[in-house]
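Colleague: predicted model follows, preceded by the sequence.
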Amino acid sequence: MADKTRNAAAAVANKTDRATDNVADSSTVRKGSAVVADSVITTKVKADIFKEPELKSMAIHVETEKGVVMLSGFVDSKADADKAVALAKSVEGVSNVKSAIKVK
């Protein structure tokens, strides 16, 4: 009985390791020789938006998937929306930016 339990535990651990590897592979982007995780990209984009006094950072939502940044939310002007897109494009690891930002 103990052998069956050990074998089952080993099989589950193996599946978990493979699943973790798959998640790591799908959530990182290679740019040059650097690999940048989506979560790091999202954090950097949010930080850059927060640093801009004219942008209401809490009104802009940022998501990243495989290096593609998706921006959504509301801003006061088209210039603010363009600024948010430009900031996102300037972050290392970003391969593309999609904007669904709306002007109030």
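Modeller: Arrived safely, thanks for sending. Residues are numbered from 1 along each chain as shown.

Colleague: what ranges does this protein have for its helices?
Modeller: Secondary structure of the chain (DSSP state H): helices at 2-26, 38-51, 78-89.

Colleague: which positions in the second one come out as buried?
Modeller: Translated: helix 38-51. Within helix 38-51, the residues that count as buried by 16 or more other CB atoms under 10 Å are 38, 40, 41, 42, 44, 45, 46, 48, 49. All C-beta atoms are positioned from the backbone trio N, CA, C, and that covers glycine.

Colleague: leaving aside the residues adjacent along the chain, what's closest to the first one?
Modeller: Right, residue 38. Of all residues not flanking residue 38 in the chain, residue 64 sits nearest, at 4.1 Å (CB to CB, 6 or more residues apart in numbering).

Colleague: on that earlier part again, among the buried residues of helix 38-51, which one sits closest to residue 104?
Modeller: Checking those against residue 104 with CB to CB, the nearest one is residue 49 at 16.6 Å.

Colleague: excluding chain neighbours, give the residue nearest to that closest one in space.
Modeller: Counting by CB to CB, 6+ apart, the residue nearest residue 49 is residue 57, at 4.8 Å.

Colleague: ok, now residue 80?
Modeller: In space, residue 80 is closest to residue 55, 5.7 Å off (CB to CB, 6+ apart).

Colleague: my guess is that neighbour contacts residue 79. True?
Modeller: No - using CB atoms under 8 Å as the test, residue 55 is too far from residue 79 to be in contact (10.1 Å).

Colleague: residues contacting the residue nearest to residue 49?
Modeller: Listed by CB atoms under 8 Å, 6 or more residues apart in numbering, the contact set of residue 57 reads 46, 49, 50.
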